[in-house]
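In: Need a 3D model of the following:
(2 chains)
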Amino acid sequence: MKVLIPSPLRSYTADRTWVEASGSTLAEVIADLERQFPGIRFRMIDEQERMRRHVRFFVDGEQTFDLARPMAPAEELCIVQALSGG
Amino acid sequence: MAQQKRAVATGTTKGSSQPATRSRAGRARPRAVLLVATRKGAWLLHGDASRRRWQLDGPHFLGHVIHHLVLDPRDGRTLLAAAKTGHLGPTVFRSTDFGRTWKEAARPPAFARRDDGSGRSVDHTFWLTPAHASQPDVWYAGTSPQGLFRSDDGGVTWAPFSTINDDPQYLKWFGTVQDGTPDGPKLHSIIVDPRDPRHLYFGMSGGGVHESVDGGATFRTLIDGLDVVEGFPRDDPTVHDPHCIRMCPSNPNRLYQQNHCGIYRLDRPATRWERIGLKMPRKVGDIGFNMVVHPRNADVAWVLPMDGQTVWPRTSPEGKPAVYGTRNAGRTWQRLDQGLPLQQAWWTVKRQAMCADAGDPVGLYFGTTSGEIWASRDEGGQWKCVARGLPEIYAVEAGSLR
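Out: So this is what the prediction gives:
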């Protein structure tokens, strides 16, 4: 599926905005991103498997907070930086 | 993992790829450098041999929150940076070419996973300490919330160190986020005894001072004699707030401490801290964040007091900043403010943002919350502003590039 990478994470993707990743759940898609771009996962998901406060995940325009959410290849994942103040 | 090229140079920036100058004999001579960590990135400030002229190199990691930037004194070239951003989780970057390129740690400091939902998460790495000279690739890190970590491979992979991170007693002493500093509770001042790599100290805000003599297998508290905020129980480490602890390189039995409640000295093997700050002028008080010790004379130390009265403004007292120095282990203090602003300078200097170099006379340096760097070439006798306009400064470390 297509994944939108937000600007703070593009140092991991060689400045690519859209990348391809696969997996049957959101967790698996993020694991595939980590395989391709080592280090990217911990910047988004902490050591207790919680999404970081200012990183948000939208699947086909709908926000999800569930790493177990099933994913289909036709869906689009947008990783978004939430407002974090000055 | 992410690799970062050095950021685009500014007009006054000089490249840092050739840190060592060559003397007439052809030998490379170490060159002074200040490592400046700020809320919006890091800078290197390169000094000439006289320490009169300084040139800014940076920004590195523009926009990243850098809590500590440390040069490895064991090789004179490896830099570690504790970084996070407003959006992303915490990490550590490493450079072996004086900051020209940076590589991210493969496994940054992170607490152990707990499936019952009670596990903690590192918000940021706050403090970096190179380990003993006999352990060339070992580093220690202190985090917010309080955690102790170690790397055995020069900062590439990090693992929880000691048992304190998950110890029930320590979990109680860590307190809650509300017990810590406004920016989160911190583990800091990790100190390695130069005589014995197994002898360690650290401080926690809050959580008190702790010591290990068995390489971190066990720690014991070291809070006897330290004052706490009125009304708190003195024997509970949770309410103790050491701001900065330093060991004297010339006499590792001697520790100085700037605490939330005063300035202290401890001469081991004694275990009771003595409040030497009571000899400070009453109008100035003995509250502050910084503690700096002389590299060769254990009777000499410096602090930079702040206003800790009434509602705790945490500014310079009366808007008139001054360093205070003692040359007799705290029996008397001298005001050192020549060259500093005479009035209306309300900045603060955070606990990692004041340091000494190894020169003779010793150079002193501090960075302010308002983004200025002040330097003295003569142990505080005369001060000069050597950089301004930087973001809020979190840490300043002096080093020698080889």
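In: Kindly provide the distance from B:Asp72 to B:Ser250.
Out: Look at B:Asp72 and B:Ser250: by Cβ to Cβ, to the nearest Å, they are 21 Å apart. (Glycine included, C-beta is placed from N, CA and C.)
In: can you pull out the strands in the stretch 51-200 of chain B?
Out: Assigned by DSSP state E, counting those that start in this stretch, the strands in the stretch 51-200 of chain B fall at B:54-60, B:65-71, B:79-84, B:91-95, B:101-104, B:124-130, B:139-144, B:147-151, B:159-160, B:186-193, B:196-205.
In: Next, the angle strand B:54-60 makes with the second one.
Out: Computed by axes from the mean of the first three to the mean of the last three Cα atoms, to 10 degrees, the angle separating strand B:65-71 from strand B:54-60 equals 130 degrees.
In: follow-up on the earlier one: so which of the strands of the stretch 51-200 of chain B is nearest chain A?
Out: Closest to chain A of the strands of the stretch 51-200 of chain B, according to Cβ to the nearest Cβ: strand B:101-104, at 5.1 Å.
In: Buried residues of stretch B:130-146, list them for me.
Out: Using 16 or more other Cβ atoms under 10 Å in any protein chain shown as the test for burial, stretch B:130-146 gives B:130-132, B:137-146.
In: Tell me what the residue lying closest to B:Ala387 once chain neighbours are set aside is bridged to.
Out: Spatial nearest neighbour of B:Ala387, chain neighbours left out: B:Ile373 (4.1 Å); criterion: Cβ to Cβ, 6 or more residues apart in numbering or on different chains. Listed by DSSP bridges, the beta-bridge partners for B:Ile373 are B:Gly367, B:Ala387.
In: count of neighbours near B:Ile373?
Out: Look at B:Ile373: counted by other Cβ atoms under 10 Å in any protein chain shown, it has 23 neighbours.
In: And for B:Gln344, the neighbour number?
Out: If we define neighbours as other Cβ under 10 Å, then B:Gln344 has 9 of them.
In: where along chain A do the strands fall?
Out: Under the criterion DSSP state E, chain A contains strands at A:2-4, A:18-20, A:55-59, A:62-64, A:76-81.
In: element containing B:Ser400, please.
Out: strand B:393-401 (DSSP states H and E).
In: re earlier: how about the strands of the stretch 51-200 of chain B in TSV, adding mean pLDDT and distance to chain A?
Out: Output for the strands of the stretch 51-200 of chain B, formatted as TSV (pLDDT from 0 to 100; distance: least, Cβ to the nearest Cβ, whole Å):
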stretch	mean pLDDT	distance to chain A
strand B:54-60	96	13
strand B:65-71	98	11
strand B:79-84	97	9
strand B:91-95	97	7
strand B:101-104	96	5
strand B:124-130	98	12
strand B:139-144	98	11
strand B:147-151	98	11
strand B:159-160	98	10
strand B:186-193	98	16
strand B:196-205	98	20
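In: Look up how far B:Gly147 lies from B:Asp267.
Out: 30 Å.
In: Those two: who's more crowded?
Out: Comparing B:Asp267 with B:Gly147 by other Cβ under 10 Å, the one with more neighbours is B:Gly147, at 29 against 15.
In: for the chain, what are the low-confidence residue spans?
Out: Using chain A here. Scanning chain A for pLDDT under 70 picks out A:84-86.
In: think we crossed wires, I meant chain B
Out: Short version for chain B, where the test is pLDDT under 70: B:1-29.
In: Spell out which parts of it neighbour chain A.
Out: B:1-4, B:85-89, B:91, B:104, B:106, B:108, B:110-114, B:117, B:119-122 (Cβ under 8 Å from any Cβ of the partner chain).
In: Filter these down to the buried ones, ChimeraX style.
Out: Burial among those is assessed by 16+ other Cβ under 10 Å; the matching ChimeraX selection reads:
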select /B:1,2,4,85,86,87,88,89,91,104,108,110,111,119,120,121,122
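In: Among the residues of chain B next to chain A, name the ones in helices.
Out: When DSSP state H is applied, the residues of chain B next to chain A are split such that none fall in helices.
In: Can you name the residues of chain A that neighbour chain B?
Out: A:6, A:8-9, A:11-12, A:38-40, A:42-50, A:52, A:54-55, A:81-82, A:84-85.
In: So which of these are in helices?
Out: Using DSSP H, the residues of chain A next to chain B in helices are A:40, A:42-44.
In: Could you check how far B:Ile287 is from B:Pro313?
Out: 11 Å.
In: shared neighbours of these two, which are they?
Out: Taking Cβ atoms under 8 Å, 6 or more residues apart in numbering or on different chains as the criterion, B:Ile287 and B:Pro313 both touch B:306-307.
In: which one of those two has more residues nearby?
Out: B:Ile287 (23 against 14).
In: Now do the strands in the stretch 301-402 of chain B.
Out: Using DSSP E, counting those that start in this stretch, strands in the stretch 301-402 of chain B cover B:301-303, B:323-326, B:334-336, B:354-356, B:364-367, B:373-376, B:384-387, B:393-401.
In: Can you check which of the ones you listed gets nearest to B:Arg77?
Out: strand B:393-401 (6.8 Å; Cβ to Cβ).
In: buried set for that closest one?
Out: B:393-401.
In: Can you tell me which of those residues is nearest A:Val19?
Out: B:Tyr394 (33.3 Å).
In: Identify the bridge partners of the closest residue to that closest one other than its chain neighbours.
Out: Once flanking residues are discounted, B:Tyr394 sits nearest to B:Ala37: 4.8 Å by Cβ to Cβ, 6+ apart. Beta-bridge partners for B:Ala37, by DSSP bridges, are B:Ala42, B:Ala395.
In: PyMOL command for the buried members of the residues of chain A next to chain B?
Out: Buried residues within the residues of chain A next to chain B, by 16+ other Cβ under 10 Å, are selected in PyMOL with:
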select buried, chain A and resi 6+8+9+11+12+39+40+42+43+44+45+46+47+48+52+54+55+81
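In: Roughly how far does B:Ala345 sit from B:Leu364?
Out: 17 Å.
In: neighbour count winner among those two?
Out: Neighbour tally, B:Ala345 and B:Leu364, criterion other Cβ under 10 Å: the higher count belongs to B:Leu364, 27 against 16.
In: My guess is that one contacts B:Gln382. True?
Out: No: look at B:Leu364 against B:Gln382 with Cβ atoms under 8 Å: they stay out of range, at 10.4 Å.
In: Identify the contacts common to the two.
Out: Between them, B:Leu364 and B:Gln382 share these contacting residues under Cβ under 8 Å, 6+ apart: B:Ser376.
In: quick revisit: can you tell me which of the ones in helices among the residues of chain A next to chain B lies closest to B:Ser189?
Out: A:Phe42 (26.2 Å).
In: Isn't the closest one up against B:Thr91?
Out: Yes: with contact defined as Cβ under 8 Å, A:Phe42 and B:Thr91 form a contacting pair (7.1 Å).
In: which residues are common contacts for the two?
Out: Common neighbours of A:Phe42 and B:Thr91, using Cβ under 8 Å, 6+ apart, are B:Pro108.
In: Grab the nearest non-local neighbour of residue 45.
Out: Because you didn't say which chain, this covers chain A. Nearest to A:Ile45 is A:Met51, by Cβ to Cβ, 6+ apart, at 6.0 Å.
In: not what I meant, chain B
Out: Leaving aside its sequence neighbours, B:Leu45 sits nearest to B:Leu34 (Cβ to Cβ, 6+ apart; 4.0 Å).
In: Which residues are in contact with the most centrally placed residue in chain B?
Out: Nearest residue to the geometric centre of chain B (Cα atoms, centre = their mean): B:Gln352, 3.1 Å. Applying Cβ under 8 Å, 6+ apart to B:Gln352 gives the contacts B:37, B:67-68, B:127, B:188, B:244, B:394-397.
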